[in-house]
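K.L.:
3D, please:
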Amino acid sequence: MPIVVTQPAPDTLFGYGHEFEVHTTTVGPFVPPVEWRGQIFDTDGVTDAGGALSFGVEDPHLPSSITFTPGFGTVKALTNQFQQGGNAQLRVEMLVSSAVVEQIAIPIKFDTTAWQYLHTQTSSTDLTPVLDDTNALQVDTAQLLANWNQYLAVTLPSLNDILNGITAGVTATFQNAGNAVSATLGQIFSITSAEFWQDRDLSGGTTCEHVDYDASFNALYGVSVIVDSYPPDWEFKTPDHAWGFHDLAVLTFVRGGAVIERHGIHRVSHTVSPLPQFPWPWQSALPIAFQPGDTHIQVDWADGVCGRLIGHVLP
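P.N.:
Here you go, the predicted model:
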């Protein structure tokens, strides 16, 4: 059994939000990138619960403890096959250079309570009582006219003063290295979807070109540089064959045109978390960690090297 899953134990509760631990006993060696992929299926091994997880590792022989959260795709609304405690299976696969080389299926009892699913529900409302109550649909014409007269009594300069006061009350100013930047609270708190809190692709997929991501007013906690390809003659000379003496890429943090921090990338994956010199909740009057304006995260690749820049929102 080349793949060894030490948790969950067979036929125990498991679902999104749980951890599973896995490693392989196959000798190898494996040409990076190497990934673990997990997905929950019905007992037929075909019907899936959605939200497969993909997790890159440097050495698959070492045990990896992975929190099973949906890495991509959409978590499906629960069906009859996936109810609390229902029979299901956890399929774990090892991918080398994007090809599945090993897999194993562990029988589990599906846990629907460990992860908050997003459901799109439809419902209908009986409008008969509203339609019957004609009094509820009548407009008080006299009050409407009175309100309109009050509006006409407001002169344009005083209305502008009110609007300027409102704008000043909902605008925050942040001091950058070079200058001050103002932004409305709507821009700062424009978090409108669950995807905002998940890992995000900041480079637009795999690229060999210079990456310059404008992170102004983002709530990033960390970033990862993932090297997807490099020249065949690239040498990793350390004993574990995972670290090269030459830079695969350079990761640079810039604020207000000034370099905050620079990282030479010597491995196929490199993570910086938390981000350097950015204010966190205990340093700010706002209850979130976010990047000031004019903040950029850049990646420059060595010749023949291509990869991705991934952003992490939650620690």
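
K.L.:
quick check, Leu144 in a strand?
P.N.:
No - looking at Leu144 with DSSP: H, G, I helix; E, B strand; the rest coil, it is helix, so not inside a strand.

K.L.:
roughly how far does it sit from Gly257?
P.N.:
Using C-beta to C-beta, to the nearest Å, Leu144 is found at 54 Å from Gly257. C-beta here means a position set from N, CA and C on the backbone, and glycine is covered the same way.

K.L.:
for Ser203, list the residues it contacts.
P.N.:
By C-beta atoms under 8 Å, 6 or more residues apart in numbering, Ser203 lies in contact with 211, 213, 299, 307-310.

K.L.:
contacts for stretch 25-35 next, please.
P.N.:
Here stretch 25-35 has contacts from 1-4, 54-58, 60-61, 94-98, 101-102, 226-228, 241-242, 268-269, using C-beta under 8 Å, 6+ apart.

K.L.:
drop anything exposed from those residues.
P.N.:
Buried members of those, scored by 16 or more other C-beta atoms under 10 Å, are 3, 56-58, 60, 94-96, 101-102, 226-228, 268-269.

K.L.:
among these, which one lies nearest to Phe20?
P.N.:
Ile3 (11.3 Å; C-beta to C-beta).

K.L.:
state the distance from the closest residue to the closest one other than its chain neighbours to Gly311.
P.N.:
Residue nearest to Ile3 in three dimensions, not counting chain neighbours: Ile104, with 4.3 Å by C-beta to C-beta, 6 or more residues apart in numbering. Using C-beta to C-beta, one obtains 32 Å as the distance from Ile104 to Gly311.

K.L.:
before we move on, what about Ile40?
P.N.:
Per C-beta to C-beta, Ile40 is found 26 Å from Gly311.

K.L.:
now do the helices in this protein.
P.N.:
Along the chain, counting by DSSP state H, helices occupy 128-132, 134-137, 141-153, 156-169, 185-188.

K.L.:
rewinding a little: now, which of the contacts of Ser203 sits nearest Phe68?
P.N.:
Ile310 (18.3 Å).

K.L.:
excluding covalently adjacent residues, which one is nearest to the closest one?
P.N.:
Ser224 (4.5 Å).

K.L.:
count of neighbours near the one you found?
P.N.:
19 (other C-beta atoms under 10 Å).

K.L.:
that one contacts His270, doesn't it?
P.N.:
Yes - Ser224 lies in contact with His270 (C-beta atoms under 8 Å); the separation is 6.7 Å.

K.L.:
hmm, back to that, pull the most distant pair out of the buried ones among the contacts of stretch 25-35.
P.N.:
Farthest pair in these (C-beta to C-beta) is Ile3 and Val227. Separation: 24.8 Å.
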